[in-house]
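K.L.:
need a structure here:
(chains A and B)
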Amino acid sequence: MVEFDAIGVQSPNIAAAILKSGVLVNVDRAQIDGDEGWALLDVANADTEKFIAALTGKGVSIRIQKDAVTHNRTKCVDCGLCISICQKKVFSFDENWQLVVNSERCVLCGRCAMYCPHRALSIEK
Amino acid sequence: MYKSIDEINERIRDGSVRVVSAEKMPDIIDELGVEGALREVDVVTTGTFGAMCSSGAFLNFGHPEIPIRMEKMWINNVEAYAGLAAVDCYLGATQESTIRHAEYGGAHVIEDLIAGKSVELHARAKGTDCYPRTALTNEFTLEELNQAIMVNPRNSYQCYSAATNMGDRAVKTYMGCLLAGHRNITYSGAGCLSPLANDPTFSVIGSGTPIFLGGANGVVVGEGTQSSPGNGFGTLMTSANMKDMSTDYIRAATMTGYGVTMYVGVGVPIPVLNEEIVKHTAVRDEDLKTNIVDYGTPSRDRPVIKQVTYAELKSGSIDLNGEEIRCSSLSSYKKAREVAGELKSRIENGSFTMGLATRPIDALKINKPMAEKGNVRRVNEMMVSAFVTITGDESVKQAAKRLLKGETNHLPVIDAENRLIGIVTTYDVSKAFAKDEQDMTVSEIMTKNVISISPDAPVDFAARKLQQHNIGALVVIDSGRHILGLLNSYDLGDLVSGRGSN
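P.N.:
As a prediction, the model looks like this:
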């Protein structure tokens, strides 16, 4: 997750970092306007350090996105409806049909939280 | 060989009863054979835990000092049916709160009561000589009620169609959110663990069969509503005392964009009395077939996309036209196992005894669709057949003239073969004039993705389409994209405006 303040949004920081590091990234989601913005970038693990080093510019802050999905075990009944709604394969069953959440793949679309019948999922950016 | 229900109950009493979950039964039969399994196993426990909308409870509040015959009532702002006189009601699971709408409903009231929470009752009445009171507001808990009897008209479907969406926009259904372009498949039911899958001929399950319902020891009332075992869709009407229930097995839920529902745990123990019963419990997920149907088609007879087995559904992905589509349940298999497991331990520890049905359920019955008296109004009855069109290479100025001449706001754009390729509205044309673009061609300013409808579609679908896209008219076209007419929202009147904002 890259966040830009009023200064950060003025320069082509992501493009510059890609050119400088030679690392290819996938922009999963982004929301940027005149004053501020954020972009969620998918970077291969091996390249992360190199890319972050290249992206460090004025008005830019970087966070590794890990625990975006909060899973309330008490409310969850392990129905698994979230599994097929999420196209990023964040959710799966273990061998006992219990829900497993792999937040690392989350692109913060929020669909799982919106459609969970038991309101057991929430997303934090 | 034959075994009687009394022999089984005797074994429950002396602690020697042999109970297995329906999941394990096929392997036992493979190993011991049908006769061996009959000798070895006394009871097979089944279980399911899923959304069962057709559920609810009868509540009796007791008479207050100044008596009231409640005619309208709300519990935590959820209306309950009060036409039962005088301090009784039936609270339906899907009824929504007048304040919180789909985020809180009858199912949530039921779950709150089972959890021991206090809820607020508000009732109104006209007042009579024998029941003088006209209003009442009171708080109560489950413990304070005389009766709280859950009676679910339609539980535990034998089998249920799986769902996908072939349409080009996501649909929000009781089967969950179905993404556009068949990006996901959802299904319901526990497959080989489902109660009726293990007794499809209703040879032991009938009125009076003892069951596990929501954590309580309950009973099958009889045939469920819409029960259609003749084509594999049998249902059960079930009942049990809410005071014995647990929120482990009753959970309120909201299907976003659809509404409130209740997740119910139902378990039926099947006494292994004869070889026929053993054979039925040999069922595996591979044997249970269901159809994936297209919920993108908003009519009763939804097109079947593919036939699959529960084994395929449970695998997590299904091949649809060469694409691997993610597939997941909305019922919980883990919870279904818990139901079957809990039922097994109750029988083993002697707190649940078996019984025979007192009346059979018709295993051949087939559910009938509604025969609508009067006609369903179709688009071709309401559309305007006189319309003007334009071609893509004509100018915006020409379009303006055509709109004025036709006294319309919508101008379909056609190609040389008279096929619909776009649309321009008075808004598009005004905008072009305002930007001094009147010499541009129609094809440069037209909307290419025209919202259209077929002439035989019911007007209710048309009304929903107009509202979803927030547009003033639909172009009516045949299968060859030739224009037949226009359907204007103002011609539909109340059908559009009366639907509200959600």
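K.L.:
List the residues that contact the residue minimising distance to the centre of chain A.
P.N.:
Residue closest to the mean C-alpha point of chain A, counted by C-alpha atoms, centre = their mean, is residue A:107 at 3.9 Å. By C-beta atoms under 8 Å, 6 or more residues apart in numbering or on different chains, the contact set of residue A:107 is A:28-29, A:40, A:42, A:88. In this view, the C-beta of every residue, glycine as well, is placed from N, C-alpha and C.
K.L.:
make it 6 Å
P.N.:
The contact partners of residue A:107, by C-beta atoms under 6 Å, 6 or more residues apart in numbering or on different chains, come to A:28-29, A:40, A:88.
K.L.:
Any chance of a ChimeraX selection covering the buried ones in these?
P.N.:
Selection of buried members from these for ChimeraX, criterion 16 or more other C-beta atoms under 10 Å in any protein chain shown:
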select /A:28,40,88
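K.L.:
Name the nearest of the contacts of residue A:107 relative to residue B:185.
P.N.:
residue A:88 (17.0 Å; C-beta to C-beta).
K.L.:
Report how many residues lie close to the closest residue to chain A within the stretch 101-250 of chain B.
P.N.:
Per C-beta to the nearest C-beta, residue B:184 is where the stretch 101-250 of chain B lies closest to chain A, at 3.9 Å. By other C-beta atoms under 10 Å in any protein chain shown, the residues close to residue B:184 number 25.
K.L.:
need the residues of chain A near chain B, please.
P.N.:
A:77-81, A:83-85, A:97-98, A:114-115, A:117-118 (C-beta under 6 Å from any C-beta of the partner chain).
K.L.:
Which members of the residues you listed are positioned in helices?
P.N.:
Judged by DSSP state H, the subset of these located in helices is A:81, A:83-85, A:114-115.
K.L.:
I'd like the contacts of residue A:107 as CSV, with distance to residue B:345 and secondary structure appended.
P.N.:
Shown next, in CSV, are the contacts of residue A:107 (distance: C-beta to C-beta, whole Å; DSSP: H, G, I helix; E, B strand; the rest coil):
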residue, distance to residue B:345, secondary structure
A:28, 47, strand
A:29, 48, strand
A:40, 47, strand
A:88, 39, coil
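K.L.:
Looking at the contacts of residue A:107, which is nearest chain B?
P.N.:
Of the contacts of residue A:107, the one sitting nearest to chain B (C-beta to the nearest C-beta) turns out to be residue A:88, at 10.5 Å.
K.L.:
For the closest one, give me its contacts.
P.N.:
Neighbouring residues of residue A:88 by C-beta under 6 Å, 6+ apart: A:105, A:107.
K.L.:
Give the full set of residues in contact with residue B:336.
P.N.:
For residue B:336, the contacting residues are B:47-49, B:190, B:193, by C-beta under 6 Å, 6+ apart.
K.L.:
swap the cut-off to 10 Å and go again
P.N.:
Neighbouring residues of residue B:336 by C-beta atoms under 10 Å, 6 or more residues apart in numbering or on different chains: A:78, A:97, B:21-23, B:46-50, B:189-191, B:193-195, B:265-267, B:329.
K.L.:
for residue A:74, same thing?
P.N.:
Contacts of residue A:74 by C-beta under 10 Å, 6+ apart are A:118, A:120, B:247.
K.L.:
By neighbours, which of these wins?
P.N.:
The most crowded member of the contacts of residue A:74, judged by other C-beta under 10 Å, is residue A:120 (21 neighbours).
K.L.:
Show the pLDDT at the residue positioned nearest the centre of chain B.
P.N.:
The residue lying closest to the centre of chain B (C-alpha atoms, centre = their mean) is residue B:174, at 4.5 Å. For residue B:174, the pLDDT comes out at 95.
K.L.:
likewise residue B:301?
P.N.:
85.
K.L.:
for it, phi and psi?
P.N.:
phi -90, psi 80 (degrees, to the nearest 10).
K.L.:
my guess is residue B:412 meets residue B:399, correct?
P.N.:
No - the pair residue B:412 / residue B:399 is not scored as a contact, 11.0 Å apart, by C-beta atoms under 10 Å.
K.L.:
Need the residues touching each of the two.
P.N.:
Contacts common to residue B:412 and residue B:399, judged by C-beta under 10 Å, 6+ apart, are B:388, B:390, B:424, B:446.
K.L.:
Give me the buried subset of those residues.
P.N.:
The buried subset of these - by 16+ other C-beta under 10 Å - is B:388, B:390, B:424, B:446.
K.L.:
same for chain A: which of those residues are within range?
P.N.:
Among these, none lies close to chain A by the criterion of C-beta under 10 Å from any C-beta of the partner chain.
K.L.:
now, which of the residues you listed sits nearest chain A?
P.N.:
The closest of those, once distances to chain A are taken by C-beta to the nearest C-beta, is residue B:446, at 30.4 Å.
K.L.:
how about the nearest residue to that closest one, chain neighbours excluded?
P.N.:
Nearest residue to residue B:446, sequence neighbours excluded (C-beta to C-beta, 6 or more residues apart in numbering or on different chains): residue B:422, at 3.5 Å.
K.L.:
so who does the one you found touch?
P.N.:
B:390, B:392, B:411-415, B:428, B:442-443, B:445-450, B:475.
K.L.:
Model confidence score at it, please.
P.N.:
pLDDT at residue B:422 comes out at 95.
K.L.:
Can I get whichever strand or helix holds it as PDB, trimmed to CA atoms?
P.N.:
Take DSSP states H and E as the rule and residue B:422 turns out to sit in strand B:420-425. Extracted C-alpha coordinates of strand B:420-425, given in PDB (Å, rounded to 0.1, in the frame of the first residue of the first chain):
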ATOM      1  CA  LEU B 420     -30.100  -1.500 -33.600                       C
ATOM      2  CA  ILE B 421     -26.500  -0.200 -33.000                       C
ATOM      3  CA  GLY B 422     -27.000   2.700 -30.600                       C
ATOM      4  CA  ILE B 423     -29.200   5.400 -29.200                       C
ATOM      5  CA  VAL B 424     -29.200   9.100 -28.800                       C
ATOM      6  CA  THR B 425     -31.400  11.100 -26.500                       C
END
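K.L.:
starting at the chain centroid, how far to it?
P.N.:
38 Å (C-alpha atoms, centre = their mean, to the nearest Å).
K.L.:
Please work out the angle formed by the directions of the next helix or strand after it and strand B:420-425.
P.N.:
Where DSSP H and E defines the elements, the next helix or strand beyond strand B:420-425 is helix B:426-434. Comparing the axes of helix B:426-434 and strand B:420-425 via axes from the mean of the first three to the mean of the last three C-alpha atoms, to 10 degrees yields an angle of 70 degrees.
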